[in-house]
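> Sequence plus predicted model, see below.
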Amino acid sequence: MVGHGNRNTGFTLGAIRHSRRIALRSIDIEGSEALPSTENRTASTRQRERMGNSQFQSHHFDNDDNSNRNDEVQNMDDASEDPIKLHHELAHITKLRSAPNGMLSRINGKSHNGYVSTLSMLAGREANISGRGKFSVADCCHVASRYFPSCGPDIMDTMDSRAYIGQFSADGSLFVTGFQDHRIRIYNVENGWTIQKDVLARNLRWTITDTSLSPDQCYLVYASITPIVHIVNVGSSVTESLANVTEIHEGLDFSMNEEQCSFGIFCVKFSTDGRELVAGSNDKSIYVYDLEMNRCSLKIAAHEDDVNTVSFADDTSHLIYSGSDDGYCKVWDRRCLSSRAEPAGTLVGHLEGITFIDSRGDGRYFISNGKDQTTKLWDIRKMTAGNPSIKSRRFSGNEWDYRWMEYPRTRRDVKHPYDQSLMTYRGHAVLRTLVRCYFSPSFR
């Protein structure tokens with residue numbers, strides 16, 4: 001919004017003016033309740049009242065528009081000087097002056113802070129309480145003011161190297177971030193973002209590619225572009241964890257005793273019960289590591305390109321989701337894996353490689369993020385059985401590298417002809433690093 005301050009300023013002020021008009025109409029309707037009933041008035045009387053009301057509204061709106069047009073010009077001049085300040089002020093004004101329809105307030109009541117609940121407003125819209133059959137601009141602003149941030153973001157910490165990982169714990173109380181200089185920090189969100197654990201990783205190749213907290217939040221695993229994943233106790237009282245100096249960082253070997261161990265782990269996740277790890281690698285495979293047996297128990301030749309992301313689907317750990325640079329999301333059922341390693345199903349829709357997958361935890365829905373600058377919501381009940389057909393092969397045709405190239409403009413609004421996703425979200429960029437998407441801890 002800061003980058004397009006003038007355009008958004010006009011839009012917001014227009015919404016405020018429209019809200020004022022709706023409020024004036026409501027006042028006029030409420031004021032007419034003091035007039036005699038319709039049955040007791042003659043046709044000519046009703047006609048004069050309608051003409052008088054329309055003239056009053058027209059005159060008042062013209063004055064309102066003129067005064068606000070001057071305000072708009074003044075605010076546009078101010079936007080070039082301090083667009084961030086203007087944005088906050090407009091958000092604050094919108095929140096104060098955008099009230100829902102009066103009928104909704106009278107029927108459902110307001111909370112102590114003046115808000116009408118979104119559920120009540122949706123129910124009122126379905127019942128057509130306002131008489132419009134839809135939300136007004138003021139109604140939309142009232143709902144948006146509760147869920148859209150109007151300030152921030154805030155800087156919580158500053159490091160000398162780039163952050164590659166950032167994720168909340170399952171309950172949202174901790175935030176884990178990994179940096180390119182071997183450092184991992186765990187912040188206690190509920191305690192003012194204080195550093196709970198400062199980990200200095202070992203045997204790093206280029207960067208930390210992924211981290212995962214155990215369900216009990218006592219252990220952390222971190223991966224690099226090697227076959228070894230390290231696990232560290234983050235539940236101890238020691239704040240600074242130096243690998244094999246202040247604490248032991250045990251190495252978990254995913255190579256399955258193979259002689260050629262040139263692959264690297266790109267992603268790793270704990271199972272819900274904390275007994276297993278699932279990982280994806282640059283050798284196009286998925287690995288499952290049994291922590292109780294302390295060995296790699298399963299390898300699946302899963303994709304035709306690097307496996308950038310994996311995730312267990314639910315509490316049972318039977319289903320695994322995977323996403324790859326080949327552009328496919330695949331679902332694997334460990335209970336019926338054959339020697340051919342054929343997936344239970346494939347979901348098609350991304351135009352480029354997939355950077356991350358996050359499961360909702362119900363064995364049905366997950367979201368994915370792709371290099372095609374989109375995030376998609378999926379339902380595995382829509383998947384195609386087995387491997388993808390030839391006609392649904394990645395619909396790309398572009399050779400570009402996200403690390404130093406802009407995504408082609410001609411591709412930004414293109415849709416895959418066989419897209420199976422439920423929803424597609426746009427507006428972010430996957431450039432120079434693999435952006436990751438997550439369900440909010442509160443809405444899983």
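Cool, the structure landed. Residues are numbered from 1 along each chain as shown.
> which stretches of the stretch 151-300 of the chain have low pLDDT?
Filtered on pLDDT under 70, the stretch 151-300 of the chain yields the residue ranges 152, 257-261.
> ranges for the strands of the stretch 151-300 of the chain?
Using DSSP state E, counting those that start in this stretch, the strands of the stretch 151-300 of the chain run over 163-168, 174-179, 183-188, 194-200, 210-213, 219-223, 228-233, 240-242, 250-253, 265-270, 276-281, 285-290, 295-301.
> is it possible to export the ones you listed to TSV including mean neighbour count?
Any C-beta I mention is one placed from the backbone N, CA and C, and that applies to glycine too. Below are the strands of the stretch 151-300 of the chain laid out as TSV (neighbours: other Cβ atoms under 10 Å):
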stretch	mean neighbour count
strand 163-168	17
strand 174-179	21
strand 183-188	18
strand 194-200	17
strand 210-213	23
strand 219-223	24
strand 228-233	20
strand 240-242	16
strand 250-253	16
strand 265-270	24
strand 276-281	25
strand 285-290	21
strand 295-301	16
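> okay, those strands in TSV with distance to G386 next?
Converted to TSV, the strands of the stretch 151-300 of the chain look like this (distance: least, Cβ to Cβ, whole Å):
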stretch	distance to G386
strand 163-168	32
strand 174-179	36
strand 183-188	39
strand 194-200	41
strand 210-213	28
strand 219-223	29
strand 228-233	30
strand 240-242	45
strand 250-253	32
strand 265-270	24
strand 276-281	20
strand 285-290	16
strand 295-301	14
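> mind checking which of the ones you listed is nearest N387?
Closest approach to N387 among those (Cβ to Cβ): strand 295-301, 11.5 Å.
> To A138, which of the strands of the stretch 151-300 of the chain lies closest?
Closest of the strands of the stretch 151-300 of the chain to A138 is strand 163-168, at 33.9 Å (criterion: Cβ to Cβ).
> What angle do strand 174-179 and the closest one make with each other?
170 degrees (axes from the mean of the first three to the mean of the last three Cα atoms, to 10 degrees).
> I'd say M383 and D333 touch.
No: if you go by Cβ atoms under 8 Å, M383 and D333 don't touch, sitting 11.3 Å apart.
> any common contacting residues for those two?
Residues touching both M383 and D333 (Cβ atoms under 8 Å, 6 or more residues apart in numbering) are A344.
> Can you tell me the SS state at R132?
Look at R132: counting by DSSP: H, G, I helix; E, B strand; the rest coil, its state is coil.
> ok, how many other residues are close to it?
Using other Cβ atoms under 10 Å, the number of residues around R132 comes to 12.
> Distance-wise, check it relative to C141.
15 Å (Cβ to Cβ, to the nearest Å).
> Same check on I155?
In this view, I155 and C141 are 29 Å apart by Cβ to Cβ.
> the more surrounded of these two?
Per other Cβ under 10 Å, whichever of I155 and C141 has more neighbours is C141, with 22 against 6.
> Give me the pLDDT for that one.
Per-residue confidence at C141 stands at 74 (pLDDT).
> One more: A429?
pLDDT for A429: 81.
> show me what contacts it?
With Cβ under 8 Å, 6+ apart, A429 has these contacts: 373, 407, 435.
> In space, what's closest to the second one - neighbours in sequence excluded?
In space, Y407 comes closest to Q373 once its chain neighbours are excluded; the distance is 5.4 Å by Cβ to Cβ, 6 or more residues apart in numbering.
> and the one you found, how far is that from D419?
Separation of Q373 from D419 (Cβ to Cβ) stands at 15 Å.
> Those two: which has the busier surroundings?
Q373 (19 against 16).
> Thought V435 was touching that one, still the case?
No: Q373 is beyond contact range of V435, at 9.3 Å (criterion: Cβ under 8 Å).
> Next, show the common contact partners of these two.
By Cβ under 8 Å, 6+ apart, Q373 and V435 have these common neighbours: 428-429.
> what packs against whichever strand or helix holds D139?
Using DSSP states H and E, D139 sits in helix 137-147. Judged by 3 or more Cβ pairs under 8 Å, 6 or more residues apart in numbering; DSSP states H and E, helix 137-147 is in contact with helix 5-31, helix 83-97, helix 118-126.
> Pick out the shakiest of those helices, pLDDT-wise.
helix 5-31 (a mean of 43).
> still on that earlier bit, buried residues in the helix holding D139, which are they?
Within helix 137-147, the residues that qualify as buried are 137-143, 145, counting by 16 or more other Cβ atoms under 10 Å.
> wait, what's in contact with F366?
F366 makes contact with 311, 313, 321, 329, 357-360, 377-378, 380, according to Cβ under 8 Å, 6+ apart.
> oh sorry, the question was meant for T272
Neighbour list for T272: 215, 312, 314-315, 317, 361 [criterion: Cβ under 8 Å, 6+ apart].
> Quick check on the residues you listed: which are buried?
If we count by 16+ other Cβ under 10 Å, these have these buried: 215, 312, 317, 361.
> Could you save the residues you listed as TSV and add columns showing secondary structure and distance to S236?
Formatted as TSV, the buried ones among the contacts of T272 follow (DSSP: H, G, I helix; E, B strand; the rest coil; distance: Cβ to Cβ, whole Å):
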residue	secondary structure	distance to S236
P215	coil	18
F312	strand	26
S317	coil	27
G361	coil	28
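> From those residues, pick the one nearest L347.
Set against L347, the nearest of these by Cβ to Cβ is F312 (16.6 Å).
> can you pull up the bridge partners for that closest one?
Counting by DSSP bridges, F312 forms beta bridges with I320.
> just Y219 next, same as before
Beta-bridge partners for Y219, by DSSP bridges, are N233.
> In contact with it, which residues?
Going by Cβ under 8 Å, 6+ apart, Y219 touches 213, 231-235, 274.
> Between the strands of the stretch 151-300 of the chain, which one is closest to F439.
When these are compared by Cβ to Cβ, strand 163-168 sits nearest F439, at 10.0 Å.
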